[in-house]
Every structure is written in structure tokens, then in C-alpha cells.
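Trainee: Sharing a sequence plus its predicted fold:
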2 protein chains.
Amino acid sequence: MQDFVFLPIMLTNDLLLRAARGENTERIPVWLMRQAGRILPEYRAVRSSVNGFKELVKNPELICEVTIQPVDILGVDAAIIFSDILVIPEAMGLNYEMIESKGPFFPKTIKSSADVEQLTTDVLPNLQYVFESIKLTKAALNNRVPLIGFAGAPWTIFSYMIEGKGSKTFSEAKKMLYVNPVLSHLLLEKITQSTISYLKEQIRNGADIVQVFDSWAGVLSKAQYIEFALPYMKKITDAITEVPVILFAKDAHYIIEEFAQTNCSVIGLDWTIEPQKARSEAPNKTLQGNLDPCVLYADKEMIKAEAEKMLRAFGKQNYICNLGHGVYPDVDFEKAKYFIEVVQEFQVSSFL
Amino acid sequence: MQDFVFLPIMLTNDLLLRAARGENTERIPVWLMRQAGRILPEYRAVRSSVNGFKELVKNPELICEVTIQPVDILGVDAAIIFSDILVIPEAMGLNYEMIESKGPFFPKTIKSSADVEQLTTDVLPNLQYVFESIKLTKAALNNRVPLIGFAGAPWTIFSYMIEGKGSKTFSEAKKMLYVNPVLSHLLLEKITQSTISYLKEQIRNGADIVQVFDSWAGVLSKAQYIEFALPYMKKITDAITEVPVILFAKDAHYIIEEFAQTNCSVIGLDWTIEPQKARSEAPNKTLQGNLDPCVLYADKEMIKAEAEKMLRAFGKQNYICNLGHGVYPDVDFEKAKYFIEVVQEFQVSSFL
């Protein structure tokens, strides 16, 4: 494992950072992907006060408010800055719209090398609202818990830039890999450079740890992941030495051993991965995850049983508890809160 | 492996059946999931002559025609009866609509035990059009190649009956597993009994081998697959002793070892599974798959290289070549045809 610079300011609750660094923790830290969002009535109130999702994403005061909501309401052990992975393509010059109940849509997509050449990697001037949000949030958090920064993985960002919208198969994006690998690598490299600058500036402004989300990893074969996705994940983990990096490649069950060879500190897992399998494939890394988000639809008894089964399977050390994907928007936030409590009250003796 | 009844009539090309039974084959048999369908201009002509997809599915003469088209045009080593997995919920009493460019939609879904009780398992009277289609097709094929019958897996059919339509997460269907496991097992059992009757009657009418498609397997954790899906797959493979059974659970990378313990003859694989991994996890079974469907967007040189890499990895015996999922509708059928040729011309010496 790499060494990390000691934090100049002590956090009241630094469990997540200690777990990420492989240090002992007195209990298991827990947060939820998409914890800042639609499950909270307080979020929905803020969301309905603005005109569209993108207006929210660009408003540092509101970002600060919704980022801290789950810390106050759910009692999670970390905040994650509220934003969108698609701010990067936008900052590179490819504008997107967020269409209500449908998802993102890019009016213009990448079709040629000329399109790639027109993209900038000088993205920081276009992302000041994110850094401003991080600064504000870091101050408002008052060092209660760590603040997580994040970005989309190069392959996932590439998918949107080629496909222009969500897709079950991302066949257009994958087609580009097969028919124009040169253009593909050129674009992936540009996204990677932008992402590294972006993450470093998030850290400079207060992010204590960063997560890279490869949401569409699962549409790739292992060979394609190794050719078109892994090298760029490696570049990111090599470049970000300031804080721990979490890699999360959803549905890429075949890549855990390869991630274990990178300089990441934490590997995120979806719920199709058995804890024992991940432990044996990445014995040197902290693992994060991986409860099926649908467990939070169950009654409290089952939530407790499923959560504790998972905690026992992962063990207490080198582990950050989370769901295996973002919390679903129609989950009762009281159930989410109960899950957090179950994890935080789980005792060392419970392992016996 | 189980014994199979010898076929009373010899097929001119029985490579697929021999491979399924684990017998030696002089070359690797190949077919494509969704080979009868939108990639063929001849299919599109038939499709546009009828008023909607369901009218086609219920017309035995047209089914016969589109089922045989890929045998004539692509030269595949098997025909698969053109139909839809959703004929089973419909025959059980849950009607569906096929909405153009959107997919299936069930006006009524299963919400209560009373809903489940109303469903019939006496499905054969409602599926005569399928058996008629199989009889006609079997006769028209004139024993050139085997005819594959199929059904959806109980979990996948259950998903549609609860969710009412396609979904990225199938969170409603999964919610039912967690909040009402008793109802879930009741419904899964009814689907299974219907499916067994359905497959047996397909075989009685001429299907030489059957495939069970678990299209939405990948949304389940391993524990849930083992509780709610695998037992019903086992019941099917235990019940169908007349012909070989192919199990295909898309994205369920964790279930290959368990499938190897069932009475299935063949395990279908998607393209995220490495051939060597599958061979080591299911050394006793014939494997089927698993080229990334997007390879067929590439030029011929790459199609040949990727296909041959896969053929070498699987080896010549106990193997049926296919894609890792259905062929994508916008693939040039000449590319699909070229892929078939590459596989069929692949020589034993090419393994050296």
C-alpha cells in the first residue's frame, strides 16, 4: 500500500479513511452510494425549489445543503459531494441535458477524430462550481466526517460521449472500440487527463478520499476491459497519491484481481460478488459494498439479518460497508437509516 | 451425463446434438441467438406484412418461414423456433402487449396470492399455435438441422409478471422476493410446472433440444439465485429427460459451478465469462457461447481474429459456438454470415 500525507486537521470521525488505508477501526464505517438524493424528503424539497437537476448541480450553497443532509439524517460515516459524473464531458466541451425521468441526453456525440480534437482537457475553469461546492461543504461539515469526491471512470464517460444517452447494451460505444480503436484510445486518454486534473482539484479543495465510478463496466468483456478501461483506471490511481482512491466497476466481476494490482486503496463491489471471492482475489485491498439495494425494501428483521450476514462475511477490518449500487429512490429513508444503525451497532463480539 | 433416447429419424447435420451430448464432432457447430429476426431483410419483409409482433408469433406458417430463413441464408447448424418467452405468462392468464420500439407491457401484474391463484398451469390448450409451428417447421426443415425449442426461465418470467415490463434493475420483482417469499415461491412453482409441460409438448411435436433463457438472472445476488431461481432450473432439467437441455443465465457469472451440478447438458455463457474459467467450473458439461455481439460490427479481419481466439480457448469438443447474447438488430447480416463461415471452416489443425 502507498503512504498517504497526514491530514493537517483531525476529523472527529475518520473511520472511513482509516479503513481505506488498511488501519484498524473500532467499528465498521458505512455510507450509501446516492445517499444524498431522492430518498430524503429534505432533498426532494431542495430539488423542487430549483428549475431542473443541472441548476442544482451548479449551485454550491444547495450542493452543500444536500451533501450534508444524509450525515445529519441518516448518520452515515462520510459525506459524498452531490454532483454528476457528466460534468466532465460538459467541461470538455460536450454539453448534456438531464431529461426528467429519462436521464441524460447529449445533443452532439463524438463521431470522428475531429470531434475528439475539439475537446479540451483544460477543464478546471469550467468546474469551479464543483470546487466551490467542495470548499463550502468541507467548511460546513466542520470535520465531523470525511468528504468523498468522485468522478466517472474513463470508459463510462466515453460511453456517454459516444452513445449520447443511457443504453442497455451501449452497443454504439462498444462498436467504436472495435471499429476505431485509435480514436477510442485518443478519447479515453483525453478523458483520463481531464479526470485526473478534476480529482486533484477536488482534493486540493477538501475531498478526503475519491471514488471512481465505472457504471457501465459490465458491458465489456474482460479482454476489452483490459484493453480500453483498466489502463486508464491505472493512470488515475498512479496519479492520485494525495488521498486514497476507491475503484468501483459495476458488474465487472472479472476485474477484481487486476484492480488489486493497481495503486487503488479500496475496491467497491456490487451485490453479485461473494465477499469470500473478493477477499481471495484482492487480499491486499480494503473492500467496499455490497448489499443488494433491494434488501432495503424488506422489513427490519430481514434488513438486520442480511446486513449482519454480509458484515460477518467481509469481517471487521479492511472493510467499508455500503450497498452494491446506489440506493433506489423509492426506498423508505427510515429503512436506510435503520441499515446504517445496524452496521454501526454491530459489535466485535457479533463475529463470534 | 444422462442418456438420451436415440432419435428415430437421422438428421443430415446433427453436429449440435452430438456436441450437446458430449460426443465427438468433426467440426464446431454454430448458431446465433435471435438468428431468426431483425438482422435478415427476409424477416423484416415478413414482419412488415403482419399487424404487430404478436400476430407473427401466432401464425404457424409465417413462424415456419422465419425460423428456416437463417438456415438458408446464414447456413447455421440449427434452427430455433421463432417465438417469445412471454407466451407462457399469457397462456397462464396474464396477457401482454408488445409495444413497438419499447418492448413488452403487461396491463395487469401479479400483486397478491389471489392473483397467483387465478393463474392456470393447464397451458397447453393456449399454446397450440406454438406446437403447430414446431410441427410445420420440423416437416419443412426436412431433417437438415436440429430444431431448438425454448422457454424463459422461471425467474425471468416471474420478473415480467411482477414488474409488468422491462427494467434496468427489476427492483419491483426483487422486492417481491424479499417482502413476500411465500408468494414468490408459489408463483415460481406455477411457472415451472407450466414451463415443463410446455417444453415437453415442444419436444413431442419435434423440438430436438431445448434452451431455457434466464435473461434477467444478472440482477440477482448468488444467494438469491440459489434460493429463487436455481431450484426451478433444476426441476426443469430433472423433468426434461427426452432431449438435451441448454441453460443460459445471462450475467449470472457466479452460477456456473451450480449449473454443472444439474442435469442440463449444455451451459450457455455470456461474453463476460472467460472460456477457461467456465471449463474449470463445469468440466462435465458442453459449453455454448460467447462472442461479444458487438464484434459483428467490426471488419471481417477482426471478426475472424476474435472468433478464432474464442474457438481456440473453448477447444473443439463439448462446445457449441454462439454469441454471448442475441445478435443485435442493426448488425449487417453479411457480417453474421461471415462469422458462421469462419467457425465452420475452422480446422482441427488451427488448434495447433
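Mentor: Perfect, thanks for sending it.
Trainee: Give me the distance from stretch A:319-328 to the chain's centre.
Mentor: 10 Å (C-alpha atoms, centre = their mean, to the nearest Å).
Trainee: hey, C-alpha coordinates of it in PDB?
Mentor: Below are the C-alpha coordinates for stretch A:319-328, written out as PDB (Å, rounded to 0.1, in the frame of the first residue of the first chain):
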ATOM      1  CA  TYR A 319     -13.900  -3.000   5.000                       C
ATOM      2  CA  ILE A 320     -16.200  -0.100   4.300                       C
ATOM      3  CA  CYS A 321     -19.900  -1.000   4.400                       C
ATOM      4  CA  ASN A 322     -22.100   0.200   1.600                       C
ATOM      5  CA  LEU A 323     -24.800  -1.100  -0.800                       C
ATOM      6  CA  GLY A 324     -23.700  -2.800  -4.000                       C
ATOM      7  CA  HIS A 325     -25.100   0.100  -6.000                       C
ATOM      8  CA  GLY A 326     -26.800   3.400  -5.400                       C
ATOM      9  CA  VAL A 327     -29.800   3.400  -3.000                       C
ATOM     10  CA  TYR A 328     -33.000   3.100  -5.100                       C
END
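Trainee: buried residues in it?
Mentor: Of all the residues in stretch A:319-328, those buried under the rule 16 or more other C-beta atoms under 10 Å in any protein chain shown are A:Tyr319, A:Ile320, A:Cys321, A:Asn322, A:Leu323, A:Gly324, A:His325, A:Gly326, A:Val327, A:Tyr328. For glycine as for every other residue, the C-beta is placed from the backbone atoms N, C-alpha and C.
Trainee: The last one touches B:Thr169, doesn't it?
Mentor: Yes: taking contact to mean C-beta atoms under 8 Å, the distance of 6.9 Å between A:Tyr328 and B:Thr169 places them in contact.
Trainee: shared neighbours of the two, anything?
Mentor: Here A:Tyr328 and B:Thr169 have A:Pro293, A:Cys294 as joint contacts, going by C-beta atoms under 8 Å, 6 or more residues apart in numbering or on different chains.
Trainee: re the thing from before, also near chain B: which of the buried residues of stretch A:319-328, exactly?
Mentor: Contacts with chain B within the buried residues of stretch A:319-328, counted by C-beta under 8 Å from any C-beta of the partner chain: A:Gly324, A:Tyr328.
Trainee: and the gap between A:Asn142 and chain B?
Mentor: 36 Å (C-beta to the nearest C-beta, to the nearest Å).
Trainee: what about that residue, neighbour count?
Mentor: Neighbours of A:Asn142 under the rule other C-beta atoms under 10 Å in any protein chain shown: 10.
Trainee: Just the residues contacting the helix or strand bottoming out on mean pLDDT in chain A, thanks.
Mentor: When the helices and strands of chain A are compared on mean pLDDT, DSSP states H and E, strand A:97-99 comes out lowest with a mean of 93. Residues outside strand A:97-99 that contact it (C-beta under 8 Å, 6+ apart) are A:Gly52, A:Phe53, A:Lys54, A:Asp84, A:Pro104, A:Phe105, A:Phe106, A:Pro107.
Trainee: Any idea what the residue nearest to the first one when sequence neighbours are not counted is bridged to?
Mentor: So that's A:Gly52. Once flanking residues are discounted, A:Gly52 sits nearest to A:Met98: 6.6 Å by C-beta to C-beta, 6 or more residues apart in numbering or on different chains. Beta-bridge partners for A:Met98, by DSSP bridges, are A:Pro104.
Trainee: Can you report how many residues lie near A:Met98?
Mentor: By other C-beta under 10 Å, 16 other residues sit near A:Met98.
Trainee: Could you give the number of residues near A:Asn24?
Mentor: Neighbours of A:Asn24 using other C-beta under 10 Å come to 9.
Trainee: Figure out the helix or strand that it lives in.
Mentor: Here A:Asn24, judged by DSSP states H and E, is contained in no helix and no strand.
Trainee: so it touches A:Thr286, yeah?
Mentor: No: checked against C-beta under 8 Å, the pair A:Asn24 and A:Thr286 is beyond contact range at 11.9 Å.
Trainee: Would you mind naming what in chain A lies close to chain B?
Mentor: Chain A comes close to chain B at residues A:168-169, A:171, A:174-175, A:177-179, A:218, A:220-222, A:224, A:251-254, A:271-274, A:292-295, A:297-299, A:302, A:324, A:328, A:330, as judged by C-beta under 8 Å from any C-beta.
Trainee: Return the members of those residues classed as buried.
Mentor: For the residues of chain A next to chain B, a neighbour count by 16+ other C-beta under 10 Å gives the buried set as A:169, A:171, A:174-175, A:177-178, A:218, A:220-222, A:224, A:251-254, A:271-274, A:292-295, A:297-298, A:324, A:328.
Trainee: follow-up on the earlier one: which members of the residues of chain A next to chain B occur in helices, if any?
Mentor: Judged by DSSP state H, the subset of these located in helices is A:Ser171, A:Lys174, A:Lys175, A:Leu177, A:Tyr178, A:Val179, A:Lys222, A:Gln224, A:Met302.
Trainee: Please tell me how far the first one sits from A:Asp270.
Mentor: What it means is A:Ser171. In this view, A:Ser171 and A:Asp270 are 22 Å apart by C-beta to C-beta, to the nearest Å.
Trainee: same question, the fifth one
Mentor: Shown here: A:Tyr178 relative to A:Asp270, a distance of 26 Å by C-beta to C-beta.
Trainee: Check the third one too.
Mentor: Between A:Lys175 and A:Asp270 the distance is 25 Å, computed by C-beta to C-beta.
Trainee: Filter the buried residues of stretch A:319-328 down to the ones in strands?
Mentor: Applying DSSP state E to the buried residues of stretch A:319-328, the entries found in strands are A:Tyr319, A:Ile320, A:Cys321, A:Asn322, A:Leu323.
Trainee: quick check, nearest of the residues you listed to chain B?
Mentor: A:Leu323 (11.7 Å; C-beta to the nearest C-beta).
Trainee: Buried residues, stretch A:58-65. List them.
Mentor: A:Lys58, A:Asn59, A:Pro60, A:Leu62, A:Ile63, A:Cys64, A:Glu65.
Trainee: so who does the last one touch?
Mentor: Contact partners of A:Glu65, counting by C-beta under 8 Å, 6+ apart, are A:Val46.
Trainee: now swap in the second one and tell me
Mentor: Applying C-beta under 8 Å, 6+ apart, we find A:Asn59 in contact with A:Val50, A:Tyr129.
Trainee: do A:His325 as well
Mentor: Contacts of A:His325 by C-beta under 8 Å, 6+ apart are A:Met33, A:Lys250, A:Asp270, A:Trp271, A:Pro293.
Trainee: let's see 6 Å
Mentor: By C-beta atoms under 6 Å, 6 or more residues apart in numbering or on different chains, A:His325 lies in contact with A:Asp270, A:Pro293.
Trainee: Over to A:Arg44?
Mentor: Contacts of A:Arg44 (C-beta under 6 Å, 6+ apart): none.
Trainee: before we move on, what about A:Ser197?
Mentor: A:Leu124.
Trainee: send the alpha carbons of the strand or helix carrying it over as PDB?
Mentor: Assigned by DSSP H and E, A:Ser197 belongs to helix A:181-204. Taking Å, rounded to 0.1, in the frame of the first residue of the first chain, the C-alpha atoms of helix A:181-204 are listed here in PDB:
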ATOM      1  CA  PRO A 181      -9.600   1.700 -31.500                       C
ATOM      2  CA  VAL A 182      -7.200   4.500 -32.300                       C
ATOM      3  CA  LEU A 183      -9.900   7.200 -31.900                       C
ATOM      4  CA  SER A 184     -11.100   5.300 -28.800                       C
ATOM      5  CA  HIS A 185      -7.800   5.400 -27.100                       C
ATOM      6  CA  LEU A 186      -7.300   9.100 -28.000                       C
ATOM      7  CA  LEU A 187     -10.700  10.000 -26.400                       C
ATOM      8  CA  LEU A 188     -10.100   7.800 -23.400                       C
ATOM      9  CA  GLU A 189      -6.700   9.400 -22.900                       C
ATOM     10  CA  LYS A 190      -8.300  12.900 -23.000                       C
ATOM     11  CA  ILE A 191     -11.000  11.900 -20.600                       C
ATOM     12  CA  THR A 192      -8.400  10.400 -18.300                       C
ATOM     13  CA  GLN A 193      -6.200  13.600 -18.200                       C
ATOM     14  CA  SER A 194      -9.300  15.700 -17.600                       C
ATOM     15  CA  THR A 195     -10.400  13.400 -14.800                       C
ATOM     16  CA  ILE A 196      -7.000  13.400 -13.100                       C
ATOM     17  CA  SER A 197      -7.000  17.200 -13.100                       C
ATOM     18  CA  TYR A 198     -10.500  17.200 -11.800                       C
ATOM     19  CA  LEU A 199      -9.900  14.800  -8.900                       C
ATOM     20  CA  LYS A 200      -6.700  16.600  -7.900                       C
ATOM     21  CA  GLU A 201      -8.500  19.900  -7.700                       C
ATOM     22  CA  GLN A 202     -11.300  18.300  -5.700                       C
ATOM     23  CA  ILE A 203      -8.700  17.100  -3.300                       C
ATOM     24  CA  ARG A 204      -7.000  20.500  -3.100                       C
END
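Trainee: Thank you kindly, that will do.
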